[in-house]
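[1] Have a look at this prediction, sequence included:
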Amino acid sequence: MAKQDEAFGRITGLIIQGRKLAPKDPNGLSDPFVECGPVDKKGEFLLENKKERKTIKSKVVRKSLAPVWRQAFEIVLDRRTKGFKVQVWDWDYIGASEFMGEIIILLSDMQSGKETEAWYPLKNRPSKPKESVSGEIFIRFTYFRDGSATTGNVTEEERIGLEDARSGDIALVWDALLKHPTSATIQSTGLPNVFKWAATSSVQERVAFLLKHKGKVFEHLSKAATTFPLDPKTVFYSLGSFTFFSKLVEAKPMFSDDHAQLIIKQLQSPPKIFSDDDLSLHISNLLITLANFCTFKFDSQYSAEVVRCQEMMLQKGAISEALNCLKNYEKNEVVRRSALSVLLKAARSNVKVKDSFGKLGVADEMIRICRRSKSVMLKWLAVDVLDTYARGDNRSYCESVLGISGCVKYLNGNFTDAEGPHPASLCTATVYLLEALSASFSDSTRAEIAEEKNMITGIVNSFISYRKSIPKQNQRPLLAERILDLLVNLAANISCRTQIVENFDVVVEIIMKNSKTASVQKSAAALLDLLGSGSLASTDLALKKFKSSSLLQWISSLDKETAKLYDKVKDKLKSL
């Protein structure tokens, strides 16, 4: 006769999560954990040495009615085993844990070698039917009868494949994934290693990997995500790997309409079994993938493929989905930042975006972010989106932005507290946007800007905050040029001109710090000419400040062609 504890098979599985559990604590929540183990014919946990339960316990998830445990278990079966039981308990710091429900799954209801995954409703203990129990738990498990876990349905080749998938060696991992595409265990084990490798490898390594396997990479990653849609680990890591490959221009020819459709569909209907943190990262990864495929990078070999990917993403609704994510994840900065990146990359990449931006109300959403968001980073990206799209032949779009109620007021708010890299970048982006819009400024818009307290001061001082906070020097001349061009467009208004003169010392600093840049020299000449024109009090003040500054000496040092730009100003100075 066989011994009582002789192995007759095994059950391996994962207790993933629960939902809608019963509240057990005064705060309306619980601190749930699970206990799992084999049961006898009465449904009671089997005992080890007639004393201790043969069970394992998960971590405690504090203050939750929808906990995520991801507790793995393995049950070795003997003659006494009739199935297994999972109990959910509410942990208490003082006193015994409180029962929250249980499930029992019998061997007679299992099929050997077949993986089962489902939501199971929690039930009362037969001896205590009046306990407060609610909710369900999600479990995935496989039953192997009579040793089939090692010698039956799992072949020697599959066991070797599992070890290769665990190895971390990308060549072995990828080979195992391709050889066993229907194995949930190998996929869920190997795909995290692909993700990790893609995240840490060099561009050259990823390019070599892509070119070696060509279309197999995206094809397999997408198949894994759709073959095991209830496995959050597989879905997360397979689609997350797209993110790192999508940065490569060499990936563009391999990216198909089906891949684009899969990413959009995942954004629209992500797996419901993700935890909040994993859902956030999952959605963010998908959005970054969209942004990467919308990014324009000219390359003689792949330029046509780049444009094809951009248009494909736009046709599939990338902009709409990015806007939806901005609205649906209002409190999630990671997702919202990624969604804004999609809009920013799309605006920079393709002229066909113009119509969709106008029709979908992108400008209204960006101004709404400027008005409501407390995040400097989000405001910066939102203004950058508006600026990027406003450049070029988009006068009607510029006018629509300026027509949004309170637009100037909200943009003026971006100039406060400009210390630090992100606030300084927000100031810079706001200047860029205003300069792009300035060609469409009406007299009323200029008057509105003049009435906004310290707005022109903020525009001028943005150069100072940028110089103090951002080490990049190559963009300083461009910022100086755009500040001066913006001031030229504002100087048509008398009140604006007076305020510019009041900040003349800083204007001089902007010019002198970029005095060798031709575009700055030209913009400075246009501004000084305007400030010195007319017969207003501000005109005399401007000329006097100009005469006492170092600008006159600087002009005399310019070459003849450049110095001619300042002839009008010098003539006016002679009349003082």
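    Received it, and whenever you're ready, just let me know what you need. None of these values were measured; they are calculated from a predicted model.

[2] what about the longest helix in the chain?
    In the chain, taking DSSP state H as the definition, the longest helix is helix 276-294.

[3] Show me what the mean pLDDT comes to for that one.
    Mean pLDDT, helix 276-294: 88.

[4] Can you pull up the most central residue in the protein?
    For the chain, the residue nearest the mean C-alpha position is residue 338 (2.8 Å; C-alpha atoms, centre = their mean).

[5] Give the full set of residues in contact with that residue.
    By C-beta atoms under 8 Å, 6 or more residues apart in numbering, the residues touching residue 338 are 283-284, 287-288, 291, 325. Every C-beta, even on glycine, is put in place using the N, C-alpha and C of the backbone.

[6] quick one on the thing from earlier: tell me the angle of whichever helix or strand comes after the longest helix of the chain relative to helix 276-294?
    Sequence-wise, the next helix or strand downstream of helix 276-294 (DSSP states H and E) is helix 303-315. If you take axes from the mean of the first three to the mean of the last three C-alpha atoms, to 10 degrees, helix 303-315 sits at 130 degrees to helix 276-294.

[7] after helix 303-315, next one along is what?
    Using DSSP H and E, the helix or strand that follows helix 303-315 in sequence is helix 318-328.

[8] so what does that next one touch, helix or strand wise?
    Packing partners of helix 318-328 (3 or more C-beta pairs under 8 Å, 6 or more residues apart in numbering; DSSP states H and E): helix 257-268, helix 276-294, helix 333-349, helix 353-360, helix 362-372.

[9] Now residue 239. Nearest residue, chain neighbours left out?
    Nearest residue to residue 239 in three dimensions, chain neighbours excluded: residue 225, at 5.2 Å (C-beta to C-beta, 6 or more residues apart in numbering).

[10] Report the contact partners of the residue nearest to residue 391 when sequence neighbours are not counted.
    Distances taken as C-beta to C-beta, 6+ apart put residue 436 closest to residue 391, at 5.2 Å, once the chain neighbours are dropped. Residue 436 makes contacts with 387, 390-391, 398, as judged by C-beta under 8 Å, 6+ apart.

[11] Can you go through these and name the buried ones?
    387, 390, 398 (16 or more other C-beta atoms under 10 Å).

[12] related to what we said a few turns ago, secondary structure element for the residue nearest to residue 391?
    Remark: residue 436 resides in helix 421-437, with elements defined by DSSP H and E.

[13] from the buried ones among the contacts of residue 436, which is closest to residue 135?
    Using C-beta to C-beta, residue 387 comes nearest to residue 135 of the buried ones among the contacts of residue 436, at 48.9 Å.

[14] The longest helix of the chain: which residues count as buried?
    278-294.

[15] And the helices and strands packed on helix 318-328: which comes nearest residue 236?
    Of all the helices and strands packed on helix 318-328, it is helix 276-294 that lies closest to residue 236, at 5.4 Å by C-beta to C-beta.

[16] And the pLDDT at residue 489?
    91.

[17] three-state assignment of it?
    Judged by DSSP: H, G, I helix; E, B strand; the rest coil, the three-state class of residue 489 is helix.

[18] That one is in contact with residue 438, isn't it?
    Yes. The criterion here is C-beta atoms under 8 Å, and residue 489 meets it with residue 438 at 3.8 Å.

[19] who touches stretch 218-238?
    In contact with stretch 218-238 (C-beta under 8 Å, 6+ apart) are residues 16, 117, 140, 177-178, 181-182, 184, 187-188, 191-192, 194-195, 239, 241-242, 245, 251, 254-256, 258-259, 262, 266, 271, 273-275, 278, 281-282, 285.

[20] and if you look at stretch 479-486?
    428, 431-432, 434-435, 438, 459-460, 462-463, 466, 507, 510-511, 513-514, 517, 519-520, 523-524, 526-527.

[21] ditto for stretch 459-476
    Outside stretch 459-476, the residues touching it (C-beta under 8 Å, 6+ apart) are 415, 418-421, 423-425, 427-428, 430-431, 434, 479-480, 483, 486-487, 500, 503, 506-507, 509-510, 513-514.

[22] In ChimeraX, how would I select the buried members of those residues?
    Command for ChimeraX that selects the buried part of those, burial taken from 16+ other C-beta under 10 Å:
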select :415,418,423,424,425,427,428,430,431,434,479,480,483,486,487,500,503,506,507,509,510,513,514
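
[23] and stretch 210-224, what's its mean pLDDT?
    Here the average pLDDT along stretch 210-224 is 91.

[24] What are the buried residues along that stretch?
    Using 16+ other C-beta under 10 Å as the test for burial, stretch 210-224 gives 210, 217-222, 224.

[25] any weak-confidence spans in the stretch 1-150 of the chain?
    For the stretch 1-150 of the chain, applying pLDDT under 70 flags the ranges 1-8, 49, 146-150.

[26] What segments of it are helices?
    Using DSSP state H, counting those that start in this stretch, no helices are found in the stretch 1-150 of the chain.

[27] cool, and the stretch 151-300 of the chain?
    156-167, 170-179, 184-200, 203-213, 216-227, 232-245, 257-268, 276-294.

[28] quick revisit: of the buried residues of stretch 210-224, just say which sits nearest to residue 76.
    For the buried residues of stretch 210-224, the nearest to residue 76 is residue 224 (29.9 Å; C-beta to C-beta).

[29] Could you check how far the closest one is from residue 236?
    Distance of residue 224 to residue 236, given as C-beta to C-beta, to the nearest Å: 11 Å.

[30] quick one, which of the helices and strands packed on helix 318-328 is nearest to residue 65?
    helix 276-294 (12.7 Å).
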